[in-house]
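Student: quick one, structure for this:
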Amino acid sequence: MDGTREEKVSASAQSLLPATARGSRIFGCFGKTLSGDFFQSLKFDLGIIENSCIFTLPVVTWLMIMQRLSPAGTLQSALTELLQGNGRELLEPCKQVREGRISGNTGAYSQARQRVPVEATRRVAQRTFEYLHQITPCSGALRDRLFLLDGSSIRLAHAGAITRVYPPAENQHGKSHWPVLRIVVMHHVVTGLAMAPQFGPMYGPAAVSEQGLAEALIERLPPASILIGDRNFGVFSVAWCAHSQGHEMVVRLTAPRARALAAGSDLKVGSEEEVVWQPSREDRRAHPQLPVEAEIKGRLVVNQPEGAEGPLYLFTTLGEPAARVGALYKERWKIETDLRSLKEQVRLHIIPARSPELVASELFIAIASYNLIRTVMEEAARQNGMEPRRLSFSRSRDAFWSFARAVAYTDSSEKFEHHWRLLMRCLSQFKLPKRNRPSAPRAVWPRNQAFPTRKV
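Tutor: You can find the predicted model right below:
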């Protein structure tokens, strides 16, 4: 990618969007982040050979992202945008394109989605994180190095190929109906950008643990990062993986693990103690690859936030004061709202694909779509001197969709800049109220169903 870092972080629209003069007005960061050179390199690395056709790898990637960002979220909605001219700059000059005979049926697009290799979509998702994280201005402050780690689950379609790879849950009463995918995500605290996630089956003989998936994510963190994780990741194997990679950490421990680490010391609220974390006998049995000399020097900080039912036991390798460590761990709540945005706004609560390969591709493309919106939000926040997370993700996505459709049919750079300024102004007005984490225990209202629960 040509250009200096100063050009990349320019406050103008061209810092995030391709130049209108080159005709690459696809939508937002797509033409800049996922450039033609990137796709050529991707096809060369993966050995993808494409004939002159409509649904090439760049076109299919664009359509899948457009499908995730569109209000309807269907194959037809994405294909209709292409038929109306939105994204036609990506099309190869094949016979059907030259003669204007692109079919409005979704069959060819559906088949093209299934032909895309999973590794290609994984690299697309990782590229959106790495490139956009690189061009994002960094002040070098402590918060710029913070990354949030958390796990969740996604319901899948009940299909034969899916249930073989992602078996449903099973107990003494029998099997459940829906297959479930386990996923672990890593998000940047300041910008909300997401790394390409790790995932696997939640149940069955090949079930994966969140801790094992987290270790694969930690290996891809930027250098000298700071990891924040809850009690599920406050185990020695995850901490050692981060420590051996040169990362700092703030992880919450369970009360029994904290007492064992403190070796009988009185763990009062507000206290802190220097400790050496060594693997237990169970840790070594579950992870025989741990070195004999494996140990982590750090501090055990006992904190009790306002409204919490009990104290928090935090292990950290940072040298920050105890109050600062507690404030950093409070940032972990942001990953909950990020997961909500992924599931509700990018529609990852259910993946209706009927093959394991397409499930993975849809998941990675959803992460890429999420990152593109996050980057535009960061640009709007920077221009207006506010935190990117003060902006509403759902309203920003809706505004960006309208902007993408407007500039797709714009031929002049003046009109393009006009629409970009309107987008930045709109996004700056989508401020969220200052919210505090609700006190535990949390409660939810049940959702009314249109039909009764099916009985087997």
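
Student: what mean pLDDT does stretch 435-443 get?
Tutor: Averaging pLDDT along stretch 435-443 gives 64.

Student: repeat for stretch 364-381
Tutor: For stretch 364-381, mean pLDDT rounds to 93.

Student: what do you get for stretch 196-204?
Tutor: Rounded mean pLDDT across stretch 196-204 is 96.

Student: show residues contacting that stretch.
Tutor: Contacts with stretch 196-204, where a contact means CB atoms under 8 Å, 6 or more residues apart in numbering, come from 122, 125-126, 129, 153-154, 165-170, 180-186, 206-208, 213-214, 216-217, 220, 360, 363-364, 367. The C-beta positions use only the backbone N, C-alpha and C, and glycine is treated the same way.

Student: out of those residues, which are buried?
Tutor: Taking 16 or more other CB atoms under 10 Å as the criterion, what is buried in these is 122, 125-126, 129, 154, 165-168, 180-186, 208, 213-214, 217, 360, 363-364, 367.

Student: confirm that Lys32 sits in a helix.
Tutor: Yes - under DSSP: H, G, I helix; E, B strand; the rest coil, Lys32 falls within a helix.

Student: number the chain from 38, please
Tutor: Okay, residue one is now 38; in that scheme the one you just asked about reads as Lys69.

Student: give me the neighbour count for it.
Tutor: Lys69 has 22 neighbouring residues, counting by other CB atoms under 10 Å.

Student: what are the boundaries of the strands in the stretch 138-287 of the chain?
Tutor: Assigned by DSSP state E, counting those that start in this stretch, the stretch 138-287 of the chain shows strands spanning 183-193, 205-208, 211-225, 235-238, 263-266, 285-290.

Student: can you convert these into CSV and add a column each for distance to Arg322?
Tutor: Formatted as CSV, these follow (distance: least, CB to CB, whole Å):
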stretch, distance to Arg322
strand 183-193, 23
strand 205-208, 26
strand 211-225, 23
strand 235-238, 22
strand 263-266, 22
strand 285-290, 20
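
Student: so which of the ones you listed is the most surrounded?
Tutor: Neighbour counts (mean count of other CB atoms under 10 Å) averaged over each of the strands of the stretch 138-287 of the chain peak at strand 263-266, with a mean of 26.

Student: pull the distance from that strand to the chain's centre.
Tutor: Strand 263-266 sits 16 Å away from the centroid of its parent chain (CA atoms, centre = their mean, to the nearest Å).

Student: list the strands paired with that strand, with their directions.
Tutor: Sheet pairing for strand 263-266, assigned by DSSP bridges, gives strand 183-193 (parallel), strand 285-290 (parallel).

Student: mind checking how far the longest one is from the chain centre?
Tutor: Between the centre of strand 183-193 and the centre of its chain there are 8 Å (CA atoms, centre = their mean).

Student: now the angle between strand 211-225 and that strand, please.
Tutor: For strand 183-193 against strand 211-225, the angle by axes from the mean of the first three to the mean of the last three CA atoms, to 10 degrees is 150 degrees.

Student: got it, and the shortest one?
Tutor: Calculated by the same axes, to 10 degrees, strand 285-290 forms an angle of 150 degrees with strand 211-225.

Student: which residues sit against strand 285-290?
Tutor: 182, 261-268, 270-271, 275-276, 279-280, 298, 335, 337, 349-355, 362, 365-366.

Student: related to what we said a few turns ago, so can I have a markdown table of the strands paired with strand 263-266 showing distance to Phe453 and mean pLDDT?
Tutor: Shown next, in a markdown table, are the strands paired with strand 263-266 (distance: least, CB to CB, whole Å; pLDDT from 0 to 100):
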| stretch | distance to Phe453 | mean pLDDT |
| --- | --- | --- |
| strand 183-193 | 34 | 96 |
| strand 285-290 | 43 | 96 |
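
Student: which PyMOL command selects the buried ones in the contacts of strand 285-290?
Tutor: Provided next is the PyMOL selection string for whichever of those are buried by 16+ other CB under 10 Å:
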select buried, resi 182+262+263+264+265+266+267+270+271+275+276+279+280+298+335+337+349+350+351+352+353+354+355+362+365+366
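
Student: which ones among the contacts of strand 285-290 are found in helices?
Tutor: If you go by DSSP state H, the contacts of strand 285-290 have Val275, Ala276, Ala279, His280, Leu298, Val362, Leu365, Tyr366 in helices.

Student: which among the residues you listed gets closest to Gly73?
Tutor: Ala279 (36.6 Å; CB to CB).

Student: make sure that closest one is actually in contact with Leu264.
Tutor: Yes - Ala279 is within contact range of Leu264, at 4.9 Å (criterion: CB atoms under 8 Å).

Student: how near is Ser274 to Val338?
Tutor: From Ser274 over to Val338 the distance is 21 Å, taken as CB to CB, to the nearest Å.

Student: list the residues that contact Pro260.
Tutor: By CB under 8 Å, 6+ apart, the neighbours of Pro260 are Gly283.

Student: on that earlier part again, farthest pair within the ones in helices among the contacts of strand 285-290?
Tutor: Greatest spatial distance among those (CB to CB): Leu298 and Leu365, at 19.3 Å.

Student: can you point me to the longest helix in this protein?
Tutor: Scanning the chain for the helix with the most residues, using DSSP H, yields helix 393-420.

Student: buried ones in that helix?
Tutor: For helix 393-420, a neighbour-count test (16+ other CB under 10 Å) marks 393-419 as buried.

Student: ok, so what distance separates the spatially closest residue to Pro205 that is not a sequence neighbour from Pro154?
Tutor: Spatial nearest neighbour of Pro205, excluding adjacent residues (CB to CB, 6 or more residues apart in numbering): Ser213 at 4.4 Å. Separation of Ser213 from Pro154 (CB to CB) stands at 31 Å.

Student: ok, Ala487 next?
Tutor: Using CB to CB, we find Ala487 at a distance of 38 Å from Pro154.

Student: neighbour count: the two, which is higher?
Tutor: Comparing Ala487 with Pro154 by other CB under 10 Å, the one with more neighbours is Pro154, at 17 against 4.

Student: mind listing what the more buried one touches?
Tutor: Leu83, Ile85.

Student: any idea how far it is from Trp482?
Tutor: 42 Å.

Student: next one: His324
Tutor: Look at His324 and Trp482: by CB to CB, they are 41 Å apart.
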